[in-house]
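Asker: No sequence on hand, only this structure:
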């Protein structure tokens, strides 16, 4: 099985980058890839439970559906979460607050392809 790693560094409501990352993850998953998304910097907003955007796609709900499908894993940097006030227990079920050393390094080691989406 091939694995695609996506690192997202922009916030869910900043622009459409996070939406692009989620659509890319869905497309890769449908093509048979395992997908690993690591959220860093403002990108940690991807895992925040209770998102209710009015003019943007609900990337939280879309990401949750991908995780529930089984071949997508989503983790966010613990330091970046703490800096933004996102605490354990506030993440969408199935997603986790993780770390660069434990999660991103494993994702990169397992990955066949890596994409970074940042501004």
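Answerer: Thanks, I have the structure now. Owing to the predicted nature of the structure, the values given are computational and were not obtained by experimental measurement.
Asker: which residues in this protein form helices?
Answerer: 17-30, 59-69, 78-83, 105-110 (DSSP state H).
Asker: List the buried residues for the last one?
Answerer: Using 16 or more other C-beta atoms under 10 Å as the burial criterion, the residues of helix 105-110 that qualify are 106, 107. C-beta coordinates here come from the backbone N, C-alpha and C atoms, glycine included.
Asker: same question, the second one
Answerer: Judged by neighbour count (16+ other C-beta under 10 Å), helix 59-69 contains these buried residues: 59, 60, 62, 63, 64, 66, 67.
Asker: next one: the third one
Answerer: Of the residues in helix 78-83, those buried under the neighbour-count criterion (16+ other C-beta under 10 Å) are 78, 80, 81.
Asker: pLDDT (mean, whole number) over it?
Answerer: The average pLDDT within helix 78-83 is 96.
Asker: start the count at 234, not 1, going forward
Answerer: Happy to do that; since the first residue is 234 now, the last one works out to helix 311-316.
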